[in-house]
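**Student:** My questions are about this predicted structure, shown below with the sequence.
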Amino acid sequence: MEKDNANPTILNTSQLPTRQRKKGRRVQRDDAAKISKIMRKPQYLSDPFYDISWSDDTESDDEFTAEPIDEQEVYDLISTISDPEHPLSLGQLAVVNLPDIHITPSPSQGADPNALTRVLVEITPTITHCSLATVIGLGVRVRLEQALPPNYRVDVVIKEGTHSQDDQVNKQLADKERVAAALENDTLRGVLDKMLETCL
């Protein structure tokens, strides 16, 4: 099969923006519970005759509280997706870029963590006539829908002016019935599974 773009621009993985984390969210919550159990006030200090004031250090628990999902975390989820044509990731090919990820409402606004949140990802195909733009967009969408909480609504679009048929591809990616039908296609599902194998 002849590749659409045999010589794409390739970024070194060390150039990609990332937030290194040793542990995931769920592990951190479990650790917080263990630490609070270990650090709880000893029973003998509750004795009315023991005259020492005990203050709980609530500030130390801040590092274990759940942080809102931000653009960097979304980027980390999708930048390692393999390109269907090249043995490189979407991050290395600059198909996904941190400035092209938008979360509404902004995670810094301190919104309710259970409120409906929209994640918009604009993808940039390596060439303007990329025949796999829809497949790549579908891969990004599937990855985020699997990884994000259910109150996150995911929209994936082709960045304006980066594809000769961006309107048509965007209509396909926005059509829930078409997306569902595509995911039932065994051949396409195999391509998507291969793309997502490299996700961390």
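**Tutor:** That came through, no problem.
**Student:** Does the spatially most central residue of the chain belong to a helix, a strand or coil?
**Tutor:** In the chain, the residue lying closest to the centroid (C-alpha atoms, centre = their mean) is residue 74, at 2.6 Å. Assigned by DSSP: H, G, I helix; E, B strand; the rest coil, the conformation of residue 74 is helix.
**Student:** Please name the residues that touch the nearest residue to it once chain neighbours are set aside.
**Tutor:** Excluding the flanking residues, the one nearest residue 74 by C-beta to C-beta, 6 or more residues apart in numbering is residue 101, at 5.1 Å. C-beta: built from backbone N, CA, C; applies to glycine. Residues in contact with residue 101, defined by C-beta atoms under 8 Å, 6 or more residues apart in numbering, are 71, 74, 75, 119, 120, 121, 122.
**Student:** can you rerun that using 7 Å?
**Tutor:** 71, 74, 75, 121 (C-beta atoms under 7 Å, 6 or more residues apart in numbering).
**Student:** Need phi/psi at it.
**Tutor:** Here is the backbone geometry of residue 101 (degrees, to the nearest 10): phi -110, psi 130.
**Student:** ok, what's across the strand from it?
**Tutor:** Going by DSSP bridges, residue 101 is paired in beta bridges with residue 121.
**Student:** ok, now which ones touch residue 194?
**Tutor:** Contacts here follow C-beta under 7 Å, 6+ apart; on that basis residue 194 touches residue 82.
**Student:** What does the pLDDT read for it?
**Tutor:** Confidence at residue 194, expressed as pLDDT, is 94.
**Student:** before we move on, what about residue 19?
**Tutor:** Predicted confidence (pLDDT) for residue 19: 71.
**Student:** is it true that it touches residue 76?
**Tutor:** Yes. Counting by C-beta atoms under 7 Å, residue 19 touches residue 76, with 6.2 Å between them.
**Student:** Between these two, tell me which one has more neighbours.
**Tutor:** Neighbour totals were compared for residue 19 and residue 76, and residue 76 leads with 21 against 9 (other C-beta atoms under 10 Å).
**Student:** The spatially closest residue to residue 84 that is not a sequence neighbour: neighbouring residues, count only.
**Tutor:** Spatial nearest neighbour of residue 84, excluding adjacent residues (C-beta to C-beta, 6+ apart): residue 132 at 5.2 Å. Neighbour count for residue 132, taken as other C-beta under 10 Å: 19.
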